[in-house]
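**Student:** below: sequence and its predicted model.
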Amino acid sequence: MVQIKRSELRSLDDAFAMHSGYVLDFSDRTMSEWFEDELRIDIDDERYKRRGTSKANRLRTFVEDEPEQVVARALRALWKYREQSGFTPYGIAAEDVERHRATLFDLIHKIEGQEATPATDSIIAFTRDETLEELVQAIRRDADAGRPQAALDRLHTYSMKKFAFLLDRRGAPADREEPLHSRVGRYVKLLEAERPLRPITKQILKNCIGIFQTYNDVRNNASFAHDNSVVDKDEARFIFETVISMLRFVRAVEVGQFETLGEGAL
(Lines give C-alpha, C1' and ligand atoms only; values in the text may rest on other atoms or scores of the structure.)
Protein backbone atom coordinates (compact mmCIF):
# COMPACT_ATOMS: atom_id res chain seq x y z
CA MET A 1 0.00 0.00 0.00
CA VAL A 2 1.07 3.58 -0.70
CA GLN A 3 2.09 5.68 2.30
CA ILE A 4 1.45 9.38 1.61
CA LYS A 5 0.56 12.40 3.69
CA ARG A 6 -2.77 14.23 3.51
CA SER A 7 -1.01 17.24 2.01
CA GLU A 8 0.43 15.02 -0.70
CA LEU A 9 -2.97 13.49 -1.36
CA ARG A 10 -4.29 17.02 -1.93
CA SER A 11 -1.82 17.38 -4.82
CA LEU A 12 -4.00 14.90 -6.68
CA ASP A 13 -6.96 17.26 -6.25
CA ASP A 14 -5.01 19.96 -8.08
CA ALA A 15 -3.59 17.68 -10.77
CA PHE A 16 -6.89 16.02 -11.64
CA ALA A 17 -9.45 18.73 -10.68
CA MET A 18 -10.92 16.60 -7.91
CA HIS A 19 -11.99 19.33 -5.46
CA SER A 20 -15.72 18.93 -6.22
CA GLY A 21 -15.78 15.16 -6.47
CA TYR A 22 -14.94 15.00 -10.16
CA VAL A 23 -11.85 13.60 -11.92
CA LEU A 24 -10.78 15.64 -14.96
CA ASP A 25 -13.61 15.60 -17.54
CA PHE A 26 -14.67 12.02 -16.87
CA SER A 27 -18.24 10.98 -16.42
CA ASP A 28 -18.86 7.87 -14.32
CA ARG A 29 -19.10 5.85 -17.53
CA THR A 30 -16.02 7.24 -19.26
CA MET A 31 -13.92 6.93 -16.09
CA SER A 32 -14.90 3.29 -15.77
CA GLU A 33 -14.10 2.68 -19.42
CA TRP A 34 -10.75 4.48 -19.19
CA PHE A 35 -9.58 2.48 -16.15
CA GLU A 36 -10.66 -0.76 -17.83
CA ASP A 37 -9.09 0.04 -21.20
CA GLU A 38 -5.83 1.58 -19.96
CA LEU A 39 -5.15 -0.30 -16.73
CA ARG A 40 -7.44 -3.36 -16.69
CA ILE A 41 -8.87 -2.08 -13.38
CA ASP A 42 -12.52 -2.01 -12.30
CA ILE A 43 -12.65 1.38 -10.58
CA ASP A 44 -16.35 0.70 -9.77
CA ASP A 45 -15.38 -2.19 -7.49
CA GLU A 46 -16.89 -1.90 -4.01
CA ARG A 47 -13.45 -1.82 -2.39
CA TYR A 48 -12.81 1.61 -3.92
CA LYS A 49 -15.98 3.07 -2.38
CA ARG A 50 -14.71 3.08 1.20
CA ARG A 51 -14.45 6.89 1.22
CA GLY A 52 -17.59 7.41 -0.88
CA THR A 53 -18.88 6.78 -4.36
CA SER A 54 -17.79 9.97 -6.12
CA LYS A 55 -15.16 9.68 -8.82
CA ALA A 56 -12.65 11.61 -6.71
CA ASN A 57 -13.21 9.46 -3.62
CA ARG A 58 -12.85 6.26 -5.59
CA LEU A 59 -9.55 7.50 -7.04
CA ARG A 60 -8.28 8.56 -3.59
CA THR A 61 -9.09 5.10 -2.19
CA PHE A 62 -7.43 3.45 -5.16
CA VAL A 63 -4.26 5.50 -4.53
CA GLU A 64 -4.21 4.64 -0.84
CA ASP A 65 -4.97 0.91 -1.16
CA GLU A 66 -3.16 -0.36 -4.26
CA PRO A 67 0.54 -1.36 -4.58
CA GLU A 68 3.09 1.34 -5.39
CA GLN A 69 3.73 0.39 -9.01
CA VAL A 70 0.02 0.15 -9.83
CA VAL A 71 -0.63 3.61 -8.39
CA ALA A 72 2.38 5.22 -10.09
CA ARG A 73 1.40 3.73 -13.45
CA ALA A 74 -2.18 4.99 -13.05
CA LEU A 75 -1.13 8.53 -12.07
CA ARG A 76 1.27 8.80 -14.99
CA ALA A 77 -1.44 7.59 -17.36
CA LEU A 78 -4.01 10.03 -15.93
CA TRP A 79 -1.66 12.98 -16.41
CA LYS A 80 -0.97 11.84 -19.96
CA TYR A 81 -4.73 11.73 -20.54
CA ARG A 82 -5.05 15.27 -19.15
CA GLU A 83 -2.37 16.55 -21.52
CA GLN A 84 -3.70 14.73 -24.58
CA SER A 85 -7.31 15.76 -23.94
CA GLY A 86 -6.33 19.40 -23.49
CA PHE A 87 -8.32 19.56 -20.25
CA THR A 88 -7.65 22.65 -18.12
CA PRO A 89 -9.86 23.60 -15.15
CA TYR A 90 -11.53 26.99 -15.45
CA GLY A 91 -9.39 29.85 -14.14
CA ILE A 92 -6.13 27.88 -14.05
CA ALA A 93 -3.13 29.71 -15.49
CA ALA A 94 -0.28 28.07 -17.39
CA GLU A 95 2.08 28.47 -14.42
CA ASP A 96 -0.48 26.68 -12.23
CA VAL A 97 -0.57 23.75 -14.64
CA GLU A 98 3.20 23.42 -14.52
CA ARG A 99 3.17 23.64 -10.72
CA HIS A 100 0.50 20.94 -10.54
CA ARG A 101 2.54 18.76 -12.87
CA ALA A 102 5.73 19.20 -10.85
CA THR A 103 3.97 18.45 -7.56
CA LEU A 104 2.28 15.38 -9.02
CA PHE A 105 5.49 13.93 -10.41
CA ASP A 106 7.31 14.60 -7.13
CA LEU A 107 4.63 12.43 -5.54
CA ILE A 108 4.93 9.76 -8.24
CA HIS A 109 8.70 9.59 -7.76
CA LYS A 110 8.20 9.24 -4.01
CA ILE A 111 5.68 6.44 -4.52
CA GLU A 112 7.99 4.62 -6.92
CA GLY A 113 10.80 4.84 -4.38
CA GLN A 114 8.81 3.49 -1.45
CA GLU A 115 9.28 -0.10 -2.53
CA ALA A 116 10.18 -0.49 -6.15
CA THR A 117 8.39 -3.48 -7.63
CA PRO A 118 9.43 -5.23 -10.84
CA ALA A 119 8.27 -3.49 -14.00
CA THR A 120 5.88 -5.46 -16.20
CA ASP A 121 5.62 -3.09 -19.15
CA SER A 122 6.81 -5.76 -21.59
CA ILE A 123 4.24 -8.31 -20.39
CA ILE A 124 1.31 -7.78 -22.75
CA ALA A 125 -1.31 -9.92 -24.47
CA PHE A 126 0.34 -10.13 -27.88
CA THR A 127 -2.54 -11.99 -29.52
CA ARG A 128 -6.25 -12.40 -28.81
CA ASP A 129 -6.38 -15.24 -26.29
CA GLU A 130 -8.39 -15.29 -23.08
CA THR A 131 -5.95 -17.66 -21.38
CA LEU A 132 -3.02 -15.41 -22.33
CA GLU A 133 -4.81 -12.36 -20.97
CA GLU A 134 -5.41 -14.14 -17.66
CA LEU A 135 -1.74 -15.14 -17.58
CA VAL A 136 -0.64 -11.54 -18.16
CA GLN A 137 -2.87 -10.25 -15.38
CA ALA A 138 -1.64 -12.94 -12.96
CA ILE A 139 2.01 -12.01 -13.61
CA ARG A 140 1.24 -8.33 -13.13
CA ARG A 141 -0.67 -8.96 -9.90
CA ASP A 142 2.21 -10.95 -8.42
CA ALA A 143 4.80 -8.37 -9.50
CA ASP A 144 2.74 -5.41 -8.30
CA ALA A 145 2.17 -7.13 -4.95
CA GLY A 146 5.92 -7.70 -4.50
CA ARG A 147 5.72 -11.48 -4.99
CA PRO A 148 8.33 -12.20 -7.70
CA GLN A 149 8.69 -15.81 -6.49
CA ALA A 150 5.05 -16.47 -7.35
CA ALA A 151 5.48 -14.86 -10.78
CA LEU A 152 8.45 -16.97 -11.94
CA ASP A 153 6.42 -20.00 -13.01
CA ARG A 154 3.87 -17.94 -14.93
CA LEU A 155 6.59 -15.78 -16.49
CA HIS A 156 8.21 -18.97 -17.84
CA THR A 157 4.87 -20.01 -19.36
CA TYR A 158 4.44 -16.54 -20.85
CA SER A 159 7.95 -16.68 -22.36
CA MET A 160 7.22 -20.07 -23.91
CA LYS A 161 4.10 -18.65 -25.53
CA LYS A 162 5.80 -15.44 -26.65
CA PHE A 163 8.71 -17.09 -28.45
CA ALA A 164 6.43 -19.72 -29.98
CA PHE A 165 4.31 -16.86 -31.34
CA LEU A 166 7.35 -15.04 -32.76
CA LEU A 167 8.72 -18.20 -34.37
CA ASP A 168 5.35 -19.09 -35.87
CA ARG A 169 5.07 -15.63 -37.43
CA ARG A 170 8.41 -16.30 -39.13
CA GLY A 171 7.29 -19.63 -40.53
CA ALA A 172 9.41 -21.61 -38.06
CA PRO A 173 6.83 -22.95 -35.58
CA ALA A 174 7.95 -24.41 -32.26
CA ASP A 175 7.27 -28.01 -31.35
CA ARG A 176 5.13 -28.33 -28.23
CA GLU A 177 7.97 -30.12 -26.42
CA GLU A 178 10.70 -27.68 -27.51
CA PRO A 179 12.24 -26.12 -24.37
CA LEU A 180 12.35 -22.39 -23.81
CA HIS A 181 16.07 -21.89 -24.45
CA SER A 182 15.82 -23.67 -27.82
CA ARG A 183 12.99 -21.39 -28.86
CA VAL A 184 15.00 -18.37 -27.78
CA GLY A 185 18.08 -19.64 -29.62
CA ARG A 186 16.20 -20.09 -32.90
CA TYR A 187 14.57 -16.68 -32.51
CA VAL A 188 17.96 -15.01 -31.93
CA LYS A 189 19.38 -16.58 -35.11
CA LEU A 190 16.40 -15.40 -37.16
CA LEU A 191 16.62 -11.93 -35.68
CA GLU A 192 20.33 -11.67 -36.52
CA ALA A 193 19.53 -12.63 -40.11
CA GLU A 194 16.81 -9.99 -40.35
CA ARG A 195 18.61 -6.92 -39.06
CA PRO A 196 22.11 -5.67 -38.28
CA LEU A 197 23.00 -5.88 -34.61
CA ARG A 198 26.01 -4.48 -32.83
CA PRO A 199 28.52 -7.05 -31.51
CA ILE A 200 27.64 -6.27 -27.91
CA THR A 201 23.94 -6.83 -28.63
CA LYS A 202 24.72 -10.17 -30.29
CA GLN A 203 26.79 -11.19 -27.26
CA ILE A 204 24.06 -10.24 -24.82
CA LEU A 205 21.50 -12.17 -26.84
CA LYS A 206 23.72 -15.26 -26.91
CA ASN A 207 24.17 -14.97 -23.14
CA CYS A 208 20.38 -14.78 -22.82
CA ILE A 209 20.05 -18.21 -24.40
CA GLY A 210 22.07 -19.65 -21.52
CA ILE A 211 20.03 -17.66 -19.02
CA PHE A 212 16.77 -19.05 -20.39
CA GLN A 213 18.25 -22.57 -20.27
CA THR A 214 18.99 -22.14 -16.57
CA TYR A 215 15.57 -20.55 -16.12
CA ASN A 216 14.07 -23.92 -17.08
CA ASP A 217 15.70 -25.41 -13.98
CA VAL A 218 14.48 -22.56 -11.77
CA ARG A 219 10.95 -23.02 -13.06
CA ASN A 220 10.98 -26.78 -12.48
CA ASN A 221 12.89 -26.93 -9.20
CA ALA A 222 12.68 -23.55 -7.45
CA SER A 223 9.25 -22.08 -8.26
CA PHE A 224 5.65 -22.77 -7.34
CA ALA A 225 5.28 -24.92 -10.46
CA HIS A 226 5.88 -27.94 -8.25
CA ASP A 227 6.30 -28.77 -4.57
CA ASN A 228 9.64 -26.95 -4.39
CA SER A 229 11.69 -24.95 -1.96
CA VAL A 230 11.34 -21.66 -3.81
CA VAL A 231 14.06 -19.13 -4.49
CA ASP A 232 14.23 -16.24 -1.97
CA LYS A 233 12.57 -12.91 -2.79
CA ASP A 234 15.67 -10.88 -3.70
CA GLU A 235 17.02 -13.58 -6.00
CA ALA A 236 13.58 -14.15 -7.52
CA ARG A 237 13.32 -10.45 -8.27
CA PHE A 238 16.74 -10.46 -9.94
CA ILE A 239 15.75 -13.43 -12.12
CA PHE A 240 12.37 -11.86 -12.93
CA GLU A 241 13.88 -8.53 -13.95
CA THR A 242 16.57 -10.20 -16.07
CA VAL A 243 13.96 -12.12 -18.06
CA ILE A 244 11.80 -9.00 -18.33
CA SER A 245 14.73 -7.02 -19.78
CA MET A 246 15.06 -9.56 -22.60
CA LEU A 247 11.32 -9.47 -23.27
CA ARG A 248 11.42 -5.67 -23.27
CA PHE A 249 14.11 -5.67 -25.97
CA VAL A 250 12.16 -8.22 -28.01
CA ARG A 251 9.02 -6.11 -27.80
CA ALA A 252 10.95 -3.02 -28.91
CA VAL A 253 12.49 -4.65 -31.99
CA GLU A 254 9.25 -6.37 -32.95
CA VAL A 255 7.03 -3.27 -32.97
CA GLY A 256 5.81 -2.78 -36.52
CA GLN A 257 6.79 -6.28 -37.64
CA PHE A 258 3.44 -7.89 -36.89
CA GLU A 259 -0.01 -6.58 -36.12
CA THR A 260 -1.23 -7.60 -32.68
CA LEU A 261 -4.79 -8.67 -32.00
CA GLY A 262 -4.42 -8.08 -28.31
CA GLU A 263 -3.72 -5.30 -25.85
CA GLY A 264 -1.02 -3.30 -27.59
CA ALA A 265 2.22 -3.51 -29.46
CA LEU A 266 4.20 -6.72 -29.36
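**Tutor:** Here it is on my side, so go on. Numbering: from 1, shown residues only.

**Student:** show me what contacts residue 79?
**Tutor:** 15, 101, 104-105 (Cβ atoms under 8 Å, 6 or more residues apart in numbering). (Glycine included, C-beta is placed from N, CA and C.)

**Student:** next SSE after whichever helix or strand it is part of?
**Tutor:** If you go by DSSP states H and E, residue 79 is part of helix 68-85. Next helix or strand after helix 68-85 toward the C-terminus (DSSP H and E): helix 94-114.

**Student:** which SS class is the residue nearest to residue 174 when sequence neighbours are not counted?
**Tutor:** Excluding the flanking residues, the one nearest residue 174 by Cβ to Cβ, 6 or more residues apart in numbering is residue 164, at 4.3 Å. Three-state call for residue 164 (DSSP: H, G, I helix; E, B strand; the rest coil): helix.

**Student:** show me what the helix or strand bottoming out on mean pLDDT in the chain is packed up against.
**Tutor:** Using mean pLDDT, DSSP states H and E, the weakest-scoring helix or strand in the chain turns out to be helix 94-114, at a mean of 84. Contact analysis of helix 94-114 by 3 or more Cβ pairs under 8 Å, 6 or more residues apart in numbering; DSSP states H and E lists helix 6-16, helix 68-85 as its packing neighbours.

**Student:** which one of those helices has the poorest average confidence?
**Tutor:** Note on those: lowest mean pLDDT is at helix 6-16, with a mean of 87.

**Student:** before we move on, the earlier item: quick one: mean pLDDT over the next helix or strand after the least confident helix or strand of the chain.
**Tutor:** Later in the chain than helix 94-114, the nearest helix or strand by DSSP H and E is helix 130-144. Per-residue pLDDT over helix 130-144 has a mean of 88.

**Student:** return the set of buried residues in helix 130-144.
**Tutor:** Within helix 130-144, the residues scored as buried using 16 or more other Cβ atoms under 10 Å are 132-133, 135-136, 138-144.

**Student:** now distance to residue 250 too, for those, in JSON lines please.
**Tutor:** What follows is the buried residues of helix 130-144, written out as JSON lines (distance: Cβ to Cβ, whole Å):
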{"residue": "132", "distance to residue 250": "16"}
{"residue": "133", "distance to residue 250": "19"}
{"residue": "135", "distance to residue 250": "17"}
{"residue": "136", "distance to residue 250": "15"}
{"residue": "138", "distance to residue 250": "20"}
{"residue": "139", "distance to residue 250": "16"}
{"residue": "140", "distance to residue 250": "18"}
{"residue": "141", "distance to residue 250": "22"}
{"residue": "142", "distance to residue 250": "21"}
{"residue": "143", "distance to residue 250": "18"}
{"residue": "144", "distance to residue 250": "22"}
